[in-house]
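[1] All I have is the shape, not the residue letters:
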């Protein structure tokens, strides 16, 4: 299940991972992976086999159709083989639109052996929408009026493939950018405006600039309160772009909400800021210099422990993470061992220079009692490391 999840993530949901398992033990043991995909909004098609229809309702039998109701975006049981085409169309419609997540189509064992007949299936096309132009104009004015705006980018930027738009807007505003754990690599972390990541663990530049900001813009981020999310400081003007209406004002009052696809909405904001005109008081070089100063102080603080490996074990401590290099996925292996508290620390310290240079999931989530230290998580490092 973790491999199917990772397959979807590394393509930003353009290719959907599929996982099939047997009835009973297979459906039961897939629970940790499915709950991870659900809490992290990762699109995976799950095809569990069910018990034969004459066993429906028997006691002490695990049914995926009942057991996974609350941890899937969509779930249905196909009891007639002629309905499989419609069921798959509904499944892929939900796998490609809105807030993503796992979808389950269960077929009882006796149904799975029946003939489907002629298949005439047409692929489902995703549908995207931009934000209300009035909301965009209000937000653009607020961004230009802010003295110290900070952009808080989430994995919605990755799935929308909106990194170019995010970089363009950040440079127009001279706004530093931090990412969430799941949004790691949505903004190039070698860029002078990058603050790194803020989650359960965070880079010191991310913490510092959030505290000093007067406006925090959640771009493609849920801005939810969670043990693996950064708590937003009080007294800040908040702005948000999300494609899920349940994220808006979920845990914080959002002053400037915008509902729509991150790529389309960021392009709207870029055009609106350009039409309004005006430039920020501080240029990119000035902001980058401040970021560099704070980062240098952070690195110097950890210098005694980040220059070597622990003599007691082969696994580096969280404080040693900044000394490890990163490399793009195509030339790397993924460190997918049971990392525990090391995972967020490694993520906040290591730089991701390009989108998907690191593929992440939350080490702990709402379903932490079922959580696996997943095969879809890993700080990407060269084989030599």
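    Arrived safely. Values in this document were obtained by computation on a predicted structure and should not be read as measured data.

[2] From what I see, residue 24 and residue 63 are in contact.
    No: between residue 24 and residue 63 there is no contact under C-beta atoms under 8 Å: 9.6 Å. For the C-beta atoms, the positions are set from N, CA and C on the backbone; glycine is no exception.

[3] Any figure for the gap between the closest residue to residue 162 other than its chain neighbours and residue 134?
    The shortest distance from residue 162 to any non-neighbouring residue, by C-beta to C-beta, 6 or more residues apart in numbering, is to residue 263 (3.8 Å). Counting by C-beta to C-beta, to the nearest Å, the separation of residue 263 from residue 134 is 20 Å.

[4] which of those two has more neighbours?
    Ranked by neighbour count (other C-beta atoms under 10 Å), residue 263 and residue 134 place residue 263 first, with 22 against 8.

[5] who's in contact with that one?
    By C-beta atoms under 8 Å, 6 or more residues apart in numbering, the contact list for residue 263 reads 128, 160, 161, 162, 165.

[6] Can you tell me which of the residues you listed is nearest residue 122?
    The nearest member of these to residue 122, counting by C-beta to C-beta, is residue 128 at 19.1 Å.

[7] how far is stretch 193-211 from where the chain is centred?
    17 Å (C-alpha atoms, centre = their mean, to the nearest Å).

[8] Endpoints of it, how far apart?
    With C-alpha to C-alpha, to the nearest Å as the measure, stretch 193-211 spans 16 Å from end to end.

[9] Buried residues in it, which are they?
    Across stretch 193-211, burial judged by 16 or more other C-beta atoms under 10 Å covers 193-210.

[10] follow-up on the earlier one: what residues are shared contacts of residue 24 and residue 63?
    Joint contacts of residue 24 and residue 63 (C-beta under 8 Å, 6+ apart) are residue 51.

[11] Settle it for me: which of the two has more neighbours?
    Just comparing residue 24 and residue 63: by other C-beta under 10 Å the higher neighbour count belongs to residue 63, 21 against 16.

[12] nearest residue to the more buried one other than its sequence neighbours?
    residue 50 (6.8 Å).

[13] which of the contacts of residue 263 count as buried?
    Using 16+ other C-beta under 10 Å, the buried members of the contacts of residue 263 are 160, 162, 165.

[14] Out of these, list just those in helices.
    160, 165 (DSSP state H).

[15] Flag every buried residue along the longest helix seen in the chain.
    Longest helix in the chain by number of residues (criterion: DSSP H): helix 284-306. Buried residues in helix 284-306, counted by 16+ other C-beta under 10 Å: 284, 287, 288, 291, 294, 295, 298, 302, 306.

[16] which helices and strands sit right next to it?
    Contacts defined by 3 or more C-beta pairs under 8 Å, 6 or more residues apart in numbering; DSSP states H and E place helix 284-306 against helix 204-212.

[17] Give the other helices and strands that the helix it packs on contacts.
    strand 149-153, strand 177-179, strand 194-197, helix 284-306.

[18] relative to helix 284-306, how tilted is it?
    130 degrees (axes from the mean of the first three to the mean of the last three C-alpha atoms, to 10 degrees).

[19] What are the contacting residues of helix 204-212?
    By C-beta under 8 Å, 6+ apart, the list of residues contacting helix 204-212 from outside reads 148, 150, 152, 176, 178, 195-198, 216, 230, 232-233, 291, 294-295, 297-298, 301, 348.

[20] can you rerun that using 7 Å?
    Here helix 204-212 makes contact (C-beta atoms under 7 Å, 6 or more residues apart in numbering) with 148, 150, 176, 178, 195-198, 216, 233, 291, 294-295, 298.

[21] Kindly report the same for stretch 57-66.
    Here stretch 57-66 makes contact (C-beta under 7 Å, 6+ apart) with 24, 27, 28, 48, 50, 51, 55, 75, 77, 104, 106.

[22] related to what we said a few turns ago, which of the contacts of helix 204-212 sits closest to residue 245?
    Within the contacts of helix 204-212, distances to residue 245 taken as C-beta to C-beta reach their minimum at residue 216, with 19.9 Å.

[23] what about the closest one, which helix or strand?
    When elements are assigned from DSSP states H and E, residue 216 belongs to strand 215-219.

[24] What is that strand packed up against?
    On a contact count with 3 or more C-beta pairs under 7 Å, 6 or more residues apart in numbering; DSSP states H and E, strand 215-219 meets strand 149-153, strand 237-242.

[25] That one: partners in the sheet, and parallel or antiparallel?
    Each strand paired with strand 215-219, and its direction, by DSSP bridges: strand 149-153 (parallel), strand 237-242 (parallel).

[26] Could you identify which of these is most buried?
    Across the strands paired with strand 215-219, averaging neighbours per residue (mean count of other C-beta atoms under 10 Å) puts strand 149-153 on top, at a mean of 26.

[27] what's in contact with that one?
    Residues from elsewhere that reach strand 149-153 (C-beta under 7 Å, 6+ apart): 143, 166, 170, 173, 175-179, 183, 186-187, 209-210, 213, 215-221.
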